[in-house]
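*Asks:* Please work out how this folds:
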Amino acid sequence: MAALPHAVRPEVAVRLEQTSFASLTPFLPAVLVEWKAIRIDRDFPSYRTRLAGRYEELTSFYRVAARDNECTIFWAA
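*Replies:* Coordinates of the predicted model:
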């Protein structure tokens, strides 16, 4: 497989760095309720806290991968 052009490799890392978790939180309740993951009245504050940490981990993962020119694959089912 041919290597991707340098400008393409860090695209996800750059977009994640530019998108704060706080800017995504308005969308979380609807998504989590649709997935039947939470009840907003009871669970949302704890989910928001847990997801914020996971988002930081994801951002860091892509930042390091882009820096090291590593391939990243994200699978969501």
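
*Asks:* so for the helix or strand hosting residue 23, what's the average pLDDT?
*Replies:* Assessed by DSSP states H and E, residue 23 sits inside helix 21-24. Mean pLDDT, helix 21-24: 90.

*Asks:* same check, this time on stretch 46-53
*Replies:* 82.

*Asks:* list the buried ones in it?
*Replies:* 48, 51 (16 or more other CB atoms under 10 Å). No exception for glycine: its C-beta is placed from N, CA and C like everyone else's.

*Asks:* so how far is that stretch from its chain's centroid?
*Replies:* 12 Å (CA atoms, centre = their mean, to the nearest Å).

*Asks:* OK, contacts around the residue nearest the centre of the chain?
*Replies:* In the chain, the residue lying closest to the centroid (CA atoms, centre = their mean) is residue 55, at 4.8 Å. Counting by CB atoms under 8 Å, 6 or more residues apart in numbering, residue 55 touches 21, 24.

*Asks:* Residue 56 now?
*Replies:* residue 21.

*Asks:* same for the helix or strand containing residue 13, what does it pack against?
*Replies:* Taking DSSP H and E as the criterion, residue 13 maps to helix 11-18. The contact analysis (3 or more CB pairs under 8 Å, 6 or more residues apart in numbering; DSSP states H and E) places helix 11-18 against helix 40-67.

*Asks:* could you check the angle helix 11-18 makes with the helix it packs on?
*Replies:* Helix 40-67 runs at 130 degrees relative to helix 11-18, counting by axes from the mean of the first three to the mean of the last three CA atoms, to 10 degrees.

*Asks:* and residue 16, how far is that from residue 33?
*Replies:* Distance of residue 16 to residue 33, given as CB to CB, to the nearest Å: 24 Å.

*Asks:* go on, residue 21?
*Replies:* Counting by CB to CB, the gap from residue 21 to residue 33 is 19 Å.

*Asks:* mind listing what's buried in the helix or strand of the chain with the lowest mean pLDDT?
*Replies:* Sorting the helices and strands of the chain by mean pLDDT, DSSP states H and E puts helix 28-34 at the bottom, at a mean of 78. Using 16+ other CB under 10 Å as the test for burial, helix 28-34 gives 28, 32.

*Asks:* try stretch 61-71
*Replies:* In stretch 61-71, counting by 16+ other CB under 10 Å, buried: 61-63, 65-66.
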